[in-house]
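> A predicted structure for the sequence below; I have some questions about it.
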Amino acid sequence: MAAHGMTDDARSGAGWGQDARVLTFASAAFLGLLLAILVAVSLFGHATDGEPLVTVDLNLPAPHGAIGPPRFAGTGSHAAAAISRPGTGLQGVPPGNAPQPASAPAARIDKPVFAGKALIADPALIEATPQGPLPRIADDGRTPMAAYGPAAKADGRPRIALVITGLGINARITAAAIKALPAAVTLAFASNAGDVQNWISQARAAGHEVLLEVPMEPYDFPDSDPGPHTLTVTASENSNIDRLTWALTRATGYSGVTNFLGGRFMASPDSLAPVMTFLARRGLLFFDSEQDAHSAAPDVARQLNAPYVGNSLSVDDIQSAAEIDSRLSALESRARSGASAVGVGFVYPVTVDRVSNWANGLSGRGFVLVPPSVIVARAK
């Protein structure tokens, strides 16, 4: 019986061992299947995810004291949709702030539209097109430049205009800039940034004059590629006007246009003249954001008698508080000696902070901060 009992125990132990091996195998198989599913999802996404999300990395703000603002690297519609100034490489916008494809505003506007107290659309100032509302001079002679900007003030103090560019790309930084910057600071929005009309409406409600950034061919094109709607020196006049029209129909409520990049294009009077003619006939000012001795814009504007304002000083080529303060002081000196001065900066947080601080004491130092449209109006 003892022998028999030992045989039963051995069989029982053997059966338990077999069961354990089966359970172990089953567990391993289950874990392997689960791991395979997780790997597949990470590689291919869920069935409901749709097309892969393309994002552009943007380095905003730049490191303290860094020289040169960011520019865009890479190609494709999302990369091209992002607008900034040239200078360094791009890394790091949170996915929620990545630029999205621009969507056209409503094709038909049949009554005046306001953002707060500010006019942002008037049927009399709009030509309805299949692409969207295109600015025009009203039958009574009113221009978008006058209607969407503040009236010129009779003020004998030296005038300073300051334009901050690159808005509409990063939602958090754009919203903060609109809120923090004084109303007399002009804001320039990327024409091919997502939801540009919403941003312009917010800026106008806060009292800012608004410009629309239009991408133009730089010297190192296509290494620096502003996007599919870039105005180029090799394109035909009709092609460039079509691209310009695309940009102008993205939104309403802006007083004029400024160039994004554009060193090569701006140096070509044959390419630039038709563009400035088109803008002038639409009642829009042109703001030259670059400091380039080769720019043909001043001469072309003079020949065409087109509304034009040129930048005289970039305030944040070196992105440090001390350097920006120094450039803003230099802008005051130029205004004091020449009755007016125009500066430009990029929407870096450090720029927004220093400009806001500087503007608070500007009136007490004997200057008046005005938008570019006022300088154009006073020049006539």
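Okay, I see it.

> For the protein, just list every one of the strands.
For the chain, the strands defined by DSSP state E cover 113-115, 118-121, 126-129, 132-135, 159-167, 186-190, 210-216, 256-261, 285-288, 308-310, 313-314, 340-346, 368-369.

> Touching the last one from outside, list them.
What it means is strand 368-369. Identification of contacts with strand 368-369 by Cβ atoms under 8 Å, 6 or more residues apart in numbering yields 153, 155, 157-162, 182, 184-185, 359, 362-363. In this view, the C-beta of every residue, glycine as well, is placed from N, C-alpha and C.

> Turn those into CSV, columns for distance to residue 146, neighbour count and pLDDT.
Compiled in CSV, those are given as follows (distance: Cβ to Cβ, whole Å; neighbours: other Cβ atoms under 10 Å; pLDDT from 0 to 100):
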residue, distance to residue 146, neighbour count, pLDDT
153, 14, 12, 66
155, 18, 12, 75
157, 22, 17, 92
158, 23, 19, 93
159, 17, 22, 94
160, 21, 24, 96
161, 16, 28, 96
162, 20, 28, 97
182, 21, 16, 95
184, 17, 19, 94
185, 19, 25, 97
359, 24, 19, 96
362, 24, 19, 94
363, 24, 11, 91
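
> Now do the helices in the chain.
Using DSSP state H, the helices of the chain run over 2-44, 77-81, 144-147, 171-180, 196-205, 237-248, 263-266, 269-281, 297-304, 321-338, 349-360, 372-379.

> List the residues that contact residue 109.
Residue 109 sits next to 121-123, 126, 128, 133, 252 when contact means Cβ under 8 Å, 6+ apart.

> Would you quantify the distance from it to residue 197?
From residue 109 across to residue 197, the span is 11 Å (Cβ to Cβ, to the nearest Å).

> do the same with residue 173
Counting by Cβ to Cβ, the gap from residue 173 to residue 197 is 18 Å.

> Just give the number of residues close to the closest residue to residue 371 other than its chain neighbours.
Leaving aside its sequence neighbours, residue 371 sits nearest to residue 209 (Cβ to Cβ, 6 or more residues apart in numbering; 3.5 Å). Using other Cβ atoms under 10 Å, residue 209 has 29 neighbouring residues.

> Return the residues in contact with residue 209.
Neighbours of residue 209 in contact, by Cβ under 8 Å, 6+ apart: 148-150, 186-187, 255, 371-373.

> quick one: which of those is nearest residue 281?
The shortest gap between residue 281 and any of those belongs to residue 255, at 15.4 Å (Cβ to Cβ).

> CA atoms of stretch 341-356 as CSV?
C-alpha atoms of stretch 341-356 as CSV (Å, rounded to 0.1, in the frame of the first residue of the first chain):
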residue,chain,number,x,y,z
ALA,A,341,10.7,105.9,-37.0
VAL,A,342,9.5,102.4,-37.7
GLY,A,343,10.6,99.2,-36.0
VAL,A,344,9.9,95.5,-36.3
GLY,A,345,10.1,92.6,-33.9
PHE,A,346,9.1,89.0,-33.8
VAL,A,347,6.6,87.5,-31.4
TYR,A,348,9.2,86.2,-28.9
PRO,A,349,8.0,86.3,-25.3
VAL,A,350,11.1,88.4,-24.4
THR,A,351,10.2,90.8,-27.2
VAL,A,352,6.6,91.1,-26.1
ASP,A,353,7.7,91.7,-22.5
ARG,A,354,10.3,94.4,-23.3
VAL,A,355,8.0,96.2,-25.8
SER,A,356,5.2,96.2,-23.3
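
> Centre of the chain to that stretch, how far?
15 Å (Cα atoms, centre = their mean, to the nearest Å).

> got a list of what the residue lying closest to residue 284 once chain neighbours are set aside touches?
Distance criterion Cβ to Cβ, 6+ apart; nearest residue to residue 284, sequence neighbours excluded, is residue 256 at 4.6 Å. Residues in contact with residue 256, defined by Cβ under 8 Å, 6+ apart, are 144-145, 211-212, 279, 284-287, 307, 372-373.

> circling back: include distance to residue 229, neighbour count and pLDDT when you put the contacts of residue 209 into CSV, please.
Listed next are the contacts of residue 209 as CSV, based on distance: Cβ to Cβ, whole Å; neighbours: other Cβ under 10 Å; pLDDT from 0 to 100:
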residue, distance to residue 229, neighbour count, pLDDT
148, 22, 26, 96
149, 25, 28, 88
150, 30, 18, 78
186, 23, 31, 98
187, 21, 27, 98
255, 21, 28, 98
371, 26, 31, 95
372, 23, 27, 95
373, 25, 28, 94
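
> As JSON lines, those with distance to residue 227 would be great.
Listed next are the contacts of residue 209 as JSON lines, based on distance: Cβ to Cβ, whole Å:
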{"residue": "148", "distance to residue 227": "25"}
{"residue": "149", "distance to residue 227": "27"}
{"residue": "150", "distance to residue 227": "31"}
{"residue": "186", "distance to residue 227": "23"}
{"residue": "187", "distance to residue 227": "20"}
{"residue": "255", "distance to residue 227": "23"}
{"residue": "371", "distance to residue 227": "26"}
{"residue": "372", "distance to residue 227": "24"}
{"residue": "373", "distance to residue 227": "27"}
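
> Which helix or strand in this structure has the lowest average pLDDT?
When each helix and strand of the chain is scored by mean pLDDT, DSSP states H and E, helix 77-81 comes last, with a mean of 29.

> Around residue 325, how many other residues sit close by?
15.

> How about residue 241?
16.

> same deal with residue 131?
Using other Cβ under 10 Å, residue 131 has 16 neighbouring residues.

> Chain neighbours aside, what residue packs nearest to it?
The nearest residue in space to residue 131 (Cβ to Cβ, 6+ apart) is residue 249, at 4.2 Å.

> got it, and residue 215?
Nearest residue to residue 215, sequence neighbours excluded (Cβ to Cβ, 6+ apart): residue 226, at 3.2 Å.

> ditto for residue 294
In this structure, residue 294 finds its nearest non-sequential neighbour in residue 267, 4.3 Å apart by Cβ to Cβ, 6+ apart.
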